[in-house]
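Asker: fold the following and give me the result.
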Amino acid sequence: MTYDQQKRILDLVVAITLIIGFLPFWIIVPVLIFLDSGWPVIFTHQRVGKGGKDFKLFKFRSMVLNADEILHQKNHQLLQKFKNGDWKIAAKDDPRITRLGRFLRSFTIDEFPQLFNVIKGQMSMVGPRAYVRKELEEQSKKYPETKKYIPYILSVKPGITGPWQTSGRNEIPFYKRAEMDAEYAKKKNIKDDIIILLRTPKAMLSKW
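Answerer: Next up is the predicted model:
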């Protein structure tokens, strides 16, 4: 059995198990989001997938409904940070995130719907981060030495968790994150995937 076949089986087993195991969340979280800030409860965001193809990543909505308007019309300082290629911002410092959204992000609950991206075959349980295309372009210009890593990163499916997510997240600069993601993509080792999955709960809890 090839690595890709092993990985797909692992993805489906883990994703289906988590969907069933966290069944109450699929009822409680949408209700809480609706009561807190209305519909929709699911947010989709364009990301770059395997082979450089765009796909819609699913999340529980953690921002206000007019988040884009707030960014472009009411928060020029934050918008300028993004334009300058600085994509790192703590949830507590982002005025677009709701009170419930901060809680959801603290425990990574907002990312649960990505399990359906895994079922659809757009993502894997383990892989490089699912990058925003503009972020990928701007950061690779800012750090030209990372351009050599991009083909490796885009040769595999992005993951819900991965080497970056379990090794410090926002404290790791882009150039180091790109290197880590590329090294992961080169190895294609199912044992590494299992180790990263086992480390993920601790990494999630360490955010708190």
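Asker: off-centre distance for the helix of greatest length in the chain?
Answerer: Taking DSSP state H as the criterion, the chain has its longest helix at helix 3-21. When C-alpha coordinates are averaged (C-alpha atoms, centre = their mean, to the nearest Å), helix 3-21 and its chain have centres 18 Å apart.
Asker: Asp94: neighbouring residues, count only.
Answerer: Using other C-beta atoms under 10 Å as the criterion, Asp94 is surrounded by 18 other residues. No exception for glycine: its C-beta is placed from N, CA and C like everyone else's.
Asker: quick check: it vs Pro30, distance?
Answerer: When C-beta to C-beta, to the nearest Å is the yardstick, Asp94 and Pro30 sit 22 Å from each other.
Asker: what do you get for Lys56?
Answerer: Relative to Pro30, Lys56 is positioned 18 Å away (criterion: C-beta to C-beta).
Asker: which one of those two has more residues nearby?
Answerer: Pro30 (17 against 13).
Asker: list the contacts for the more buried one?
Answerer: Contacts of Pro30 were listed using C-beta atoms under 8 Å, 6 or more residues apart in numbering, and they are Val41, Ile42, Phe60.
Asker: the first one and Thr98, how far apart?
Answerer: Val41 sits 12 Å away from Thr98 when distances are taken as C-beta to C-beta.
Asker: cool, the last one as well?
Answerer: Using C-beta to C-beta, one gets 11 Å for the distance from Phe60 to Thr98.
Asker: who's more crowded, those two?
Answerer: Phe60 (23 against 18).
Asker: and Thr2, how many neighbours?
Answerer: The criterion is other C-beta under 10 Å. On that basis, Thr2 has 8 neighbouring residues.
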